[in-house]
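Visitor: model the structure of this input:
(one chain, ligands or ions: 1)
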Amino acid sequence: MYDLIIIGSGPAGMTAAIYGARAELDMIVIEKNFMSGGQVINTYEVDNYPALPGISGIDLSMKMREHCDNLGVNFVTDEVTGVEDLGDKKLVKTVQGEYEAKAVLLASGADHSRLGIPGEDTFGGRGVSYCATCDGAFFRNKTTAVIGGGNVAVEDAIYLANLCEKVYVVHRRDELRADKVLQKKLLSLDNVEMVWNSNAVRIEGEKKTERLIVKDKFTEAERTLDVDGVFVAVGIVPNAEPFNGIADQDKAGYFIAGEDGATSTPGIFVAGDLRAKSLRQIITAAGDGANAIHAIQQYLLH
Ligand code: NAP
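Guide: Numbers count the residues shown, from 1 in each chain. Below you'll find the model as predicted:
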């Protein structure tokens with residue numbers, strides 16, 4: 001039986017692994033993807049992580065992974081399907097088998113939300129994307145639309161504006177939610193057109209994406225944007241599915257815990273974007289990972 005199983009290898013999971021390895025915990029990290037990093041991998045440029053201005057998401061993830069590897073952290077690629085609380089023992093069920101540990105740290109993060117409009121599924125992979133860094137290059141010199149007004153939407157639009165002939169940003173309000181520095185940069189770009197107070201209503205085309213139809217929320221007038229690609233950046237949902245019910249969650253499904261990551265179930269801890277909190281950033285996920293290990297060490301002494 002391990003001391004600890006960390007589920008997820010984003011900044012929260014990897015920081016916890018670094019602190020856990022230094023505390024000599026007998027532990028594994030279970031990661032679903034072959035590449036560690038979580039959502040950060042899909043970030044073109046990270047400009048608010050101290051000491052590494054402008055680093056790419058992939059480079060930052062690789063640095064974190066290298067740090068873990070240098071400390072001898074054991075990563076297992078497998079998909080967790082459930083966690084069972086048996087008191088002093090926790091059972092982690094995966095596609096390939098079962099693992100036992102005294103404590104579990106849930107650090108599976110969050111994933112992109114979907115719009116749920118006609119055409120979104122039909123044209124998935126044929127013009128509809130959730131990751132500008134991954135798919136942007138397919139739209140060089142073409143026209144794209146980004147939907148959303150948060151950091152991800154604005155970062156994606158800036159990235160795409162470098163590649164595309166034209167980029168529409170469709171936002172349901174008349175004010176962006178993104179950090180001011182990003183807003184300023186976006187609004188200074190000549191090939192970006194803001195489509196304010198508008199909702200995307202459907203995506204159309206023959207074999208691939210050709211049109212995005214948007215509706216003005218005040219006049220209800222529809223407008224057709226001729227686009228080759230639609231990038232959806234309308235927020236995130238917690239990757240909580242395999243753990244639902246193991247401890248208290250908020251209405252959106254995030255696990256409720258304080259800074260120490262201790263959930264309502266003894267021995268089940270949470271860190272990173274999966275924790276109910278107000279600021280989801282790489283640095284706050286990393287902070288969660290460190291704090292959780294401190295609390296887990298105390299728990300293991302009980
Ligand atoms: P977000 O900040 O929640 O923004 C989501 C945006 O999508 C909002 O502008 C929202 O509109 C809009 N939206 C939501 N549902 C919609 C719908 N059904 N139709 C149309 N628009 C919709 O999400 P995010 O930009 O994906 O970022 C997720 C988290 O990651 C945030 O906490 C963000 O700060 C963080 N992040 C961190 C970094 C970093 O650490 N460097 C980088 C990127 C993102 P309203 O504004 O009207 O609500």
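Visitor: how many neighbouring residues does the residue of the stretch 1-150 of the chain found nearest the ligand have?
Guide: Minimum separation of the stretch 1-150 of the chain from the ligand (Cβ to the nearest ligand atom) falls at Gly150, amounting to 2.3 Å. In this view, the C-beta of every residue, glycine as well, is placed from N, C-alpha and C. Gly150 sits with 18 neighbouring residues when counted by other Cβ atoms under 10 Å.
Visitor: who are the contact partners of the spatially closest residue to it that is not a sequence neighbour?
Guide: Once flanking residues are discounted, Gly150 sits nearest to Arg177: 4.7 Å by Cβ to Cβ, 6 or more residues apart in numbering. The contact partners of Arg177, taken as Cβ atoms under 8 Å, 6 or more residues apart in numbering, are Gly149, Gly150, Asn151.
Visitor: give the helix, strand or coil label for Arg177.
Guide: What DSSP: H, G, I helix; E, B strand; the rest coil gives for Arg177 is coil.
Visitor: distance-wise, check it relative to the ligand.
Guide: Distance of Arg177 to the ligand, computed by Cβ to the nearest ligand atom, to the nearest Å: 4 Å.
Visitor: tell me where the stretch 101-250 of the chain has helices.
Guide: In chain order, the stretch 101-250 of the chain shows helices spanning 132-135, 151-163, 180-187, with DSSP state H, counting those that start in this stretch as the criterion.
Visitor: from Lys63, how far off is the spatially most central residue of the chain?
Guide: For the chain, the residue nearest the mean C-alpha position is Gln39 (3.8 Å; Cα atoms, centre = their mean). Using Cβ to Cβ, to the nearest Å, Gln39 is found at 16 Å from Lys63.
Visitor: for Lys277, same thing?
Guide: Distance from Lys277 to Lys63, by Cβ to Cβ: 24 Å.
Visitor: which helices and strands does the helix-or-strand element of the chain with minimal mean pLDDT pack with?
Guide: Within the chain, confidence by mean pLDDT, DSSP states H and E is lowest for helix 132-135 among all helices and strands, at a mean of 87. Judged by 3 or more Cβ pairs under 8 Å, 6 or more residues apart in numbering; DSSP states H and E, helix 132-135 is in contact with helix 151-163, strand 229-232.
Visitor: paired strands for the last one, with orientation please.
Guide: Going back to what we said before, that points to strand 229-232. Strand pairing for strand 229-232, determined by DSSP bridges: strand 128-129 (parallel), strand 143-147 (parallel).
Visitor: which one of these lies nearest to Gln183?
Guide: Nearest to Gln183, of all these, is strand 143-147, at 13.5 Å by Cβ to Cβ.
Visitor: run the chain-centre distance for the closest one.
Guide: Distance of strand 143-147 from the chain centroid (Cα atoms, centre = their mean, to the nearest Å) equals 20 Å.
Visitor: so for it, mean pLDDT?
Guide: Averaged over strand 143-147, pLDDT sits at 98.
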